[in-house]
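In: need coordinates for the following:
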Amino acid sequence: MGNVIKERSRIAVLTRLAAVLVLIWSVIGGVPAAAHAGSRVVADWPIIDSRCPPITPEGLVGYGCTQLSTYLQQARLDLRYNRPPKTTDKLYTNVRGNYAIAQLQDGKYIIGYSDGAKHAEIRLIEQMQGKAPRIEFDPQTGKVSYQPAKASAIKEGYSEIEPCKKTCNPALESAKVRDKFTYSYRWNAGPGEDPKVLRDQTNNRNTGAKQVAVQTLLNETKTSGPILPKTPEELAKGSAVSRAAGKQMGPVRPGGIDFSSVQLRYVTDGGGSRGDTYSFETATTPGQESKDGTDQIYNADEALNTWMAVEPSRFWVNLNPSQPDKVIDQYLGKTEVGRTLLEADLELKRAWTRFQDPKTAVGREYWNRMTGLDGACIRQWIVPKTATIREEGNRLYILDAPLEVKAEAFDFTIPGDPSFKCPANPEPSMAVYRDLLLPELNKAVNDAPEFKDLRRVYLSRVAAEWYRGRMTADGRAAGAGIDSNDVSVLEREDDWSPTDVFKQYLKEINGTTYELPNGVKVTTGGVDFTKPVKTTKLTDNAFKAQHATLPTTVDKSLTEVTKTSDEKQAYLGGSDEIPDFVGVQQATPAPSSTAGGGRGGGQGDGLPITGAPIITVAAAGIMLILIGVAARWRARRVRWVVKK
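Out: Presented below is the predicted three-dimensional model:
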């Protein structure tokens, strides 16, 4: 009889185990759902979230905590992921800008947006008065659309940033709706407050509370929900880049490190099912105060996404006085990467001028050797040299990524100076230039602080090329927006223009800061990153010999700022953290969207919250039934044998 009991217990244990496994599977899914795991159905957030503070007497609310602000987040996502191809409409392209929403007396919801022409609140008033076509948001579909103009009073309004004192506040008061508006972030300084400091805390491109919240919404959650301002401690959670930024901002921030010189040196590829990992290298400055590098960390990540979203054939800038219409590619020119490249090109021209100053040793020798020569018009431009990398499965170490200055004689004209002509016999002068000035320029682009931003974005270019190759090979490229030229979430929000740099270049061409024996010569050229990145892969033995402690340093940097063994550099990084989603019972779950320009991919139907495939859970259920039937049949058979 003991054998019968043992046999039945084993079957019962297996049955219970199967039941538990199916239950767990149905709740959390087959594997944890990562932030970059692709399409997933997530239940809507509640209108009021427990983490949100109550509305203050000043009208301040937590971002995403009221019905209107939640609707606005949904509208922003629709504008981001359903943007019409090639549109220049700021309603769609300014998704990192400032928006406002209002419910009208007729029950409709309208959207306003800020740009260089008007503020969001002004656009709401114009729609309320029937002076402009409506920009309606439909809560049932989550869609934004243009509708005919029709007047209707504002019942309730919400603006992301406090309406400004000079324009928006008076306009809202004149329209008798100011008391109907709430907002999330302050803009107007009070007594004793510095307006610039306050506005920077709110709307700094990379570190402002509102901007961090919007980036979190667009790049991490991919769904509507409460997005609250992040403290340094909160930044140390979430995405790998945010965690890296949090480590050097927090209360235990280490001293003697120049975080403003960070460079991306290590990445991993999660393959679309796991989070990615990053680590940044930076210089130590013993005995000095640490410099903040938050902007640089976010810029390196933004550059990585830019290099993947924009086609490589567009990676160029060109300061040529004869070509004012060919300064920068149209898509690259909208991004911070484009700005960095173009300003580096201008800095290259300035460096060329500095090195030929006859007051310097190099300049004196240069002009002594130029005696009797005709001079030259020179085109010079910056290109990548071969990068040295170490690849271990899904891990990439970027060990060296040098740049190089190229030069050649080039014939051009200068606008507004019809008498200018390039020398007819430039080669003798070019030989002197290559011998004396070109080495100085190559040293500058690889070491001088004036070019550190260029070096930073180029390291991101090396990492992006690695991601592009891997994601193209396994079919993730299209879903991740590779080569889509969609830079809508990467666009700058300042009023900088490539034309400004070109005008400054022309001004400096025609300006003279010192007298040259042979007159002033000018340069043209650019930065050309259009060619595929050339790399040389370090062997196992060479890597161990030259970088024996680097893997340990990088791994440790994911949890704390870690100095190298010689303490000349420090590393800080992080791993993507899977965000927590709080499900609530809703009649209609909202489908999520995948983003262009990010890292990840894959689509598929799933259960709410978990993303577990329905067919998988169904199959597990059938297996449970079969195990149960088998267990019951086996138990009966064993009992029958005993009785017999």
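
In: only C-alpha atoms from now on, for both contacts and neighbour counts.
Out: Noted.

In: and the longest strand for the chain?
Out: strand 257-268 (DSSP state E).

In: immediately after it, which helix or strand?
Out: strand 277-284 (DSSP states H and E).

In: got the angle between that next one and strand 257-268?
Out: 150 degrees (axes from the mean of the first three to the mean of the last three C-alpha atoms, to 10 degrees).

In: dump the helix or strand just after strand 277-284 to CSV, restricted to CA.
Out: Under the assignment DSSP H and E, the closest C-terminal helix or strand after strand 277-284 is helix 294-309. Listed next in CSV are the C-alpha coordinates belonging to helix 294-309 (Å, rounded to 0.1, in the frame of the first residue of the first chain):
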residue,chain,number,x,y,z
THR,A,294,24.7,64.9,-17.6
ASP,A,295,24.3,66.7,-20.9
GLN,A,296,27.2,64.9,-22.4
ILE,A,297,25.8,61.5,-21.3
TYR,A,298,22.4,62.2,-22.9
ASN,A,299,24.0,63.7,-26.0
ALA,A,300,26.1,60.5,-26.5
ASP,A,301,23.0,58.4,-26.3
GLU,A,302,21.1,60.8,-28.6
ALA,A,303,24.0,60.7,-31.1
LEU,A,304,23.8,56.9,-31.1
ASN,A,305,20.1,57.0,-32.0
THR,A,306,20.7,59.7,-34.6
TRP,A,307,23.5,57.7,-36.3
MET,A,308,21.1,54.7,-36.6
ALA,A,309,18.0,56.7,-37.6
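
In: same question for helix 294-309, mean pLDDT?
Out: Helix 294-309 comes out with an average pLDDT of 91.

In: for it, packing partners?
Out: With contacts taken as 3 or more C-alpha pairs under 8 Å, 6 or more residues apart in numbering; DSSP states H and E, helix 294-309 sits against helix 240-247, strand 257-268, helix 336-355, helix 452-473.

In: and the angle for the longest strand of the chain with helix 452-473?
Out: Going by the same axes, to 10 degrees, strand 257-268 makes 10 degrees with helix 452-473.

In: distance from strand 257-268 to the middle of the chain?
Out: Offset of strand 257-268 from its chain centre (C-alpha atoms, centre = their mean, to the nearest Å): 15 Å.

In: for it, buried residues please.
Out: 257, 258, 259, 260, 261, 262, 263, 264, 265, 266, 267, 268 (16 or more other C-alpha atoms under 10 Å).

In: now stretch 527-537
Out: Here stretch 527-537 shows 527, 528, 529, 533, 535 as buried, counting by 16+ other C-alpha under 10 Å.

In: what lies in contact with it?
Out: Contact with stretch 527-537 is made by 312-318, 341-342, 344-345, 381-391, 462, 465, as judged by C-alpha atoms under 8 Å, 6 or more residues apart in numbering.

In: how far does it stretch from start to finish?
Out: Terminal residues of stretch 527-537 lie 25 Å apart, using C-alpha to C-alpha, to the nearest Å.

In: what ranges do the helices span in the stretch 451-600 of the chain?
Out: Using DSSP state H, counting those that start in this stretch, the helices of the stretch 451-600 of the chain run over 452-473, 498-509, 540-546, 550-557.

In: possible to save those as TSV with distance to residue 165, mean pLDDT and mean neighbour count?
Out: Shown next, in TSV, are the helices of the stretch 451-600 of the chain (distance: least, C-alpha to C-alpha, whole Å; pLDDT from 0 to 100; neighbours: other C-alpha atoms under 10 Å):
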stretch	distance to residue 165	mean pLDDT	mean neighbour count
helix 452-473	36	95	21
helix 498-509	30	84	16
helix 540-546	60	94	12
helix 550-557	45	95	18
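
In: nearest to residue 573, of the ones you listed?
Out: helix 550-557 (5.4 Å; C-alpha to C-alpha).

In: follow-up on the earlier one: average pLDDT across the longest strand of the chain?
Out: On average, strand 257-268 scores 94.

In: go on, stretch 476-495?
Out: pLDDT averaged over stretch 476-495 gives 81.

In: go through it and flag the buried ones.
Out: In stretch 476-495, counting by 16+ other C-alpha under 10 Å, buried: 476-477, 479-493.

In: check stretch 405-417 too.
Out: Taking 16+ other C-alpha under 10 Å as the criterion, stretch 405-417 shows 405, 406, 407, 408, 409, 410, 411, 412, 413, 414 as buried.

In: which of those residues fall within strands?
Out: Checking the buried residues of stretch 405-417 against DSSP E, those in strands are 405, 406, 407, 408, 409.

In: in the sheet, who's paired with the second one?
Out: Beta-bridge partners for residue 406, by DSSP bridges, are residue 381.

In: how close does residue 313 get to residue 421?
Out: 32 Å.

In: go ahead and confirm residue 310 touches residue 331.
Out: Yes: counting by C-alpha atoms under 8 Å, residue 310 touches residue 331, with 7.3 Å between them.

In: joint contacts of these two?
Out: 485, 487.

In: mind listing the helices for the stretch 101-250 of the chain?
Out: Using DSSP H, counting those that start in this stretch, the helices of the stretch 101-250 of the chain run over 120-128, 168-174, 195-203, 209-216, 232-235, 240-247.

In: pLDDT on the second one, on average?
Out: This points to helix 168-174. On average, helix 168-174 scores 94.

In: which elements pack onto it?
Out: Packed next to helix 168-174, using 3+ C-alpha pairs under 8 Å, 6+ apart, are helix 120-128.

In: so what touches the helix it packs on?
Out: 98-102, 104, 110-114, 132-135, 149-154, 159, 163, 168, 171-172, 175.

In: of those residues, buried ones?
Out: By neighbour count, with 16+ other C-alpha under 10 Å, the contacts of helix 120-128 hold 98-102, 104, 110-114, 132-135, 149, 151-154, 159, 163, 168, 171-172 as buried.

In: helices and strands of this protein: which one has the lowest mean pLDDT?
Out: Lowest on mean pLDDT, DSSP states H and E among the helices and strands of the chain sits strand 41-42, with a mean of 24.

In: what about the residue nearest to residue 270 when sequence neighbours are not counted, how many neighbours?
Out: Once flanking residues are discounted, residue 270 sits nearest to residue 276: 5.0 Å by C-alpha to C-alpha, 6 or more residues apart in numbering. Using other C-alpha atoms under 10 Å, residue 276 has 25 other residues around it.

In: separation between residue 276 and residue 248?
Out: 20 Å.

In: then residue 452?
Out: Taking C-alpha to C-alpha, one finds residue 452 at 19 Å from residue 248.

In: most tightly surrounded among the helices of the stretch 101-250 of the chain?
Out: helix 240-247 (a mean of 26; mean count of other C-alpha atoms under 10 Å).

In: so which of the helices and strands packed on helix 294-309 is nearest residue 565?
Out: Using C-alpha to C-alpha, the nearest of the helices and strands packed on helix 294-309 to residue 565 is strand 257-268, at 14.8 Å.

In: which strands and helices lie in contact with that closest one?
Out: strand 277-284, helix 294-309, strand 395-400, helix 452-473.

In: contacts for the first one next, please.
Out: It stands for strand 277-284. So strand 277-284 is contacted by 240-241, 244, 256-269, 297, 554, 557-558, 567-576 (C-alpha under 8 Å, 6+ apart).

In: at 7 Å what do you get?
Out: 240, 256-259, 261-268, 554, 557-558, 568-576 (C-alpha atoms under 7 Å, 6 or more residues apart in numbering).

In: that strand - what's its average pLDDT?
Out: Averaging pLDDT along strand 277-284 yields 95.

In: extract the CA atoms of it and return them as CSV.
Out: Output in CSV follows, covering the C-alpha atoms of strand 277-284 (Å, rounded to 0.1, in the frame of the first residue of the first chain):
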residue,chain,number,x,y,z
THR,A,277,24.0,48.1,-21.4
TYR,A,278,26.3,51.1,-21.7
SER,A,279,29.5,52.3,-20.0
PHE,A,280,31.2,55.7,-20.5
GLU,A,281,34.8,56.5,-20.0
THR,A,282,35.9,59.9,-18.7
ALA,A,283,39.1,61.5,-17.4
THR,A,284,40.0,61.8,-13.7
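
In: which residue, neighbours along the chain excluded, lies closest to the residue most central in space within the chain?
Out: Residue closest to the average C-alpha location in the chain (C-alpha atoms, centre = their mean): residue 302, at 3.2 Å. In space, and not counting its chain neighbours, residue 302 is closest to residue 490: 7.0 Å by C-alpha to C-alpha, 6+ apart.
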